[in-house]
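Chemist: got a structure for you, letters missing:
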Ligand SMILES: [Zn+2]
């Protein structure tokens, strides 16, 4: 089972999709992506909540 985060669902105009085995890894990867690709300075608790809310699972 994989955790999937679609960047577009977080609110960016981006086709990036993050796939990871655990929620923690997915959040870390999403945070790194947001910083590197979208120039986000800080991953706030609000951003983390938003990412969690759009995270889905794939068998
Ligand atoms: Zn993105």
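Modeler: Arrived safely. Note that this is a predicted model, so its numbers are computed, not measured.

Chemist: Strands of the protein, start to end?
Modeler: For the chain, the strands identified by DSSP state E occupy 2-6, 17-20, 56-58, in order along the chain.

Chemist: The shortest one - which strands sit beside it in the sheet, and in what orientation?
Modeler: Put plainly, it is strand 56-58. Strands flanking strand 56-58 in the sheet, each with its direction: strand 2-6 (antiparallel) (DSSP bridges).

Chemist: Is the partner strand in proximity to the ion?
Modeler: No - for strand 2-6, no contact with the ion is found by Cβ under 5 Å from the ion; the gap never falls below 9.0 Å. Where you see a C-beta, it was placed from the backbone N, CA and C, and this is true even at glycine.

Chemist: before we move on, the earlier item: tell me which of the strands of the chain sits most buried.
Modeler: strand 2-6 (a mean of 18; mean count of other Cβ atoms under 10 Å).

Chemist: So which residues make contact with it?
Modeler: With contact meaning Cβ atoms under 8 Å, 6 or more residues apart in numbering, strand 2-6 is reached by 16-23, 25-26, 29-30, 51, 54-58.

Chemist: Contact partners for the most centrally placed residue in the chain?
Modeler: Residue closest to the mean C-alpha point of the chain, counted by Cα atoms, centre = their mean, is residue 30 at 3.3 Å. Residues in contact with residue 30, defined by Cβ under 8 Å, 6+ apart, are 5, 7, 10, 18, 51.

Chemist: Distance-wise, check it relative to residue 36.
Modeler: Between residue 30 and residue 36 the distance is 11 Å, computed by Cβ to Cβ, to the nearest Å.

Chemist: Tell me the buried residues in the longest helix anywhere in the chain?
Modeler: Here the longest helix in the chain is taken by residue count, with DSSP state H as the criterion, and it is helix 23-38. Across helix 23-38, burial judged by 16 or more other Cβ atoms under 10 Å covers 26, 27, 29, 30, 31, 33, 34.

Chemist: Same question for stretch 40-52.
Modeler: Burial within stretch 40-52, assessed by neighbour count using 16+ other Cβ under 10 Å, is assigned to 43, 47, 51.

Chemist: that older thread, and which of the contacts of residue 30 is nearest the ion?
Modeler: When the contacts of residue 30 are compared for distance to the ion (Cβ to the ion), residue 7 wins out at 3.3 Å.
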